[in-house]
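> Below is the sequence, then the predicted model.
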Amino acid sequence: MGIGFGMPLLWSTFHALIASGGSSGWKGDLLTFGFFAIYALPFALFAGLDAYIQRRWMLPRTGTAALQAGLMASVICLCWTPVPYSPVVAIVEHTAMLQLAAWGGESLLLALLIWPSAILATLLTRGPQPRYRALLVPAISLVAVYAYGDWRIDDMAEDQERGRGQQVAALPLQLDLPSRATGQLLTRDRPNAKRSALELTRSQLQGSPHCDLVVWPEVPLDLQQSDAACGQRQQIATALGIPLLMQCHRVGSDQIQVSAEWTEPNPQPVEVWHGKSSLVPVYERPLFGKGLIARGEPGTVFELDPDRRLIPTLCYELHSPAHLRAGVLAGGNFIVHMASFTAFARQPVDVVDQATARLRAVEFGVPIIRSANRGPVGWIDANGRVRKTSARFGNHAACEQVWSPATTPTAYTYLSPIAAWLPGAVMLLLGWLRRRSRAEG
């Protein structure tokens, strides 16, 4: 089921990534098929567990459906995959429904979505007179979740209108750099030009003098080109007159770190930077051994002022609840995402990535500022709505007023280390208790 659903839609997207890593021809096809085969594992594992429970526990069919929904959601969210992905991303346009993720995250929302389907499947395969009133409870639950989500969105909108919360005027940059780009495409500085990152940024700042910071995306530079460009970051921040957040590399004795570098216009006595804490499997981190790239620590926060703290998030870190959780608990109230999709050519991986970003914004209750190379840029609010966004490709710079609500961390922020377990564990416990009470009766 996982292969059949995902492979036809996304084959070319991940085949392009594997080809960029040097595997083409039959080897690339085999690796791409193996990539998608991993997504079939949760369905196979669920089928075995479900068959075992049905044989041993003999629960009523409506109770079985609730158990199936919780168990399947947990299995999907717990099984390791190269890129975390679930059917929840298909409903991100229904932002009222997404608000449930602030309580239990992706797994709780997924369980709710699977529940009516599980009831229908159970009723249609067990007996000639299905009792469709069994759908009443999940239907009421869906309506209640929608009503709660609608209220939550309106409540945050009122807070914003009343001036509660914090605002940041951010300039996230969009670039369209190819593989093995040169550092000159970042730092070249010609009068009245708008081609390089620096030229494009300066041109936009002339019309938006009140921006608080500039965010450049992750870029496809090799180490030599990256070092040359990053060596000028202090000069660039000073010339622009505002803080610059830029992706660089830090070279150690036998490994390097992909880093997000925070540079103030005035030289600081101590460098402020973050090492990427969540690495792309195989592509950046081998399955065995330590590899070339070292893993950083999650949860770094850059401080604009005591009330506005930024959580730097490099590309794949957007898929890491551990990184985002640590940043929010450290006081971060704006996620700043820096990504590059060059390795995927012009395949639509950025669409899936933005859908994931919308879910993460709701889970952790903070907005996301998105800067990208070959992907849309703008910002997503804490309700998961895309407030401003550019076209998918091209060069773009605009200073956006980004708002973050004045709220405490969401329930999911505290529960995220165990959230994936909860739907399955709770339903297994309830099923076991019901089986025990029937046995005793």
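That came through fine.
> longest single strand anywhere in the protein?
strand 166-175 (DSSP state E).
> Next, the buried residues of it.
Buried residues in strand 166-175, counted by 16 or more other CB atoms under 10 Å: 166, 168, 170-175. From N, CA and C alone the C-beta is placed, and that goes for glycine too.
> Packing partners of the following helix or strand past it?
Proceeding N to C from strand 166-175, the next assigned helix or strand is helix 184-187, under DSSP states H and E. On a contact count with 3 or more CB pairs under 8 Å, 6 or more residues apart in numbering; DSSP states H and E, helix 184-187 meets helix 197-207, helix 223-230.
> Mean pLDDT and distance to Arg387 added to the ones you listed, as TSV?
Formatted as TSV, the helices and strands packed on helix 184-187 follow (pLDDT from 0 to 100; distance: least, CB to CB, whole Å):
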stretch	mean pLDDT	distance to Arg387
helix 197-207	92	18
helix 223-230	91	30
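> Can you convert those helices into JSON lines and add a column each for distance to Leu433?
Output for the helices and strands packed on helix 184-187, formatted as JSON lines (distance: least, CB to CB, whole Å):
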{"stretch": "helix 197-207", "distance to Leu433": "60"}
{"stretch": "helix 223-230", "distance to Leu433": "57"}
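> Ala37 is nearest to which of the ones you listed?
Taking CB to CB, helix 223-230 is the member of the helices and strands packed on helix 184-187 nearest to Ala37, at 33.7 Å.
> other SSEs contacting that closest one?
Here helix 223-230 touches helix 184-187, strand 244-251, going by 3+ CB pairs under 8 Å, 6+ apart.
> can we see that at 7 Å?
Using 3 or more CB pairs under 7 Å, 6 or more residues apart in numbering; DSSP states H and E as the contact test, the elements touching helix 223-230 are strand 244-251.
> Give me the mean pLDDT for the strand it packs on.
Averaging pLDDT along strand 244-251 yields 94.
> Can you check what angle separates that strand from strand 166-175?
60 degrees (axes from the mean of the first three to the mean of the last three CA atoms, to 10 degrees).
> how close does the closest residue in space to His15 that isn't next to it in sequence get to Ala16?
Excluding its sequence neighbours, the residue lying closest to His15 (CB to CB, 6 or more residues apart in numbering) is Thr32, at 4.6 Å. Applying CB to CB, to the nearest Å, the value for Thr32 to Ala16 is 9 Å.
> repeat for Leu279
Distance from Leu279 to Ala16, by CB to CB: 19 Å.
> quick one: low-confidence parts of the stretch 151-300 of the chain?
The stretch 151-300 of the chain contains no residues with pLDDT under 70.
> so after the one helix or strand Gln354 maps to, what's the next helix or strand?
Taking DSSP H and E as the criterion, Gln354 maps to helix 349-364. With elements assigned by DSSP H and E, the helix or strand that comes after helix 349-364 is strand 368-373.
> Domains of this protein: list them as residue ranges, please.
According to automatic domain parsing, the chain comprises the domains 40-160+417-440, 166-405.
> Give me the distance between stretch 151-162 and the centre of its chain.
Here stretch 151-162 is found 24 Å from its chain centre; the criterion is CA atoms, centre = their mean, to the nearest Å.
> Give me the contacts around that stretch.
With contact meaning CB atoms under 7 Å, 6 or more residues apart in numbering, stretch 151-162 is reached by 95-96, 99, 165, 382-383, 403, 405-406.
> for stretch 420-437, same thing?
With CB under 7 Å, 6+ apart as the criterion, stretch 420-437 contacts 57, 59, 63, 66-67, 70-71, 73-75, 77-78, 104, 107-108, 111.
> Turn the buried residues of strand 166-175 into CSV, columns for distance to Ser437.
Putting those into CSV (distance: CB to CB, whole Å) gives the following:
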residue, distance to Ser437
Gln166, 51
Val168, 54
Ala170, 56
Leu171, 61
Pro172, 56
Leu173, 61
Gln174, 59
Leu175, 62
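> Let me know the helix or strand that Phe14 is in.
Applying DSSP H and E, one finds Phe14 within helix 2-20.
> and after that helix, which helix or strand comes next?
Next along the chain after helix 2-20, taking DSSP H and E as the criterion, comes helix 25-38.
> Need the mean per-residue confidence for the helix or strand following that next one.
Using DSSP H and E, the helix or strand that directly follows helix 25-38 along the chain is helix 41-57. Helix 41-57 shows a mean pLDDT of 86.
> Show me what helix 41-57 is in contact with.
Against helix 41-57 from outside (CB under 7 Å, 6+ apart): 1-2, 64, 67-68, 71-72, 75-76, 79, 431, 435.
> if we can go back for a sec, what mean pLDDT does the helix holding Phe14 get?
Across helix 2-20, pLDDT averages out at 65.
> can you give me the helices in the stretch 201-350 of the chain?
Residue ranges of the helices in the stretch 201-350 of the chain, as given by DSSP state H, counting those that start in this stretch, are 223-230, 233-240, 321-329, 349-364.
> Torsion angles phi and psi at Ala90?
When quoted as degrees, to the nearest 10, the phi and psi of Ala90 stand at phi -80, psi -10.
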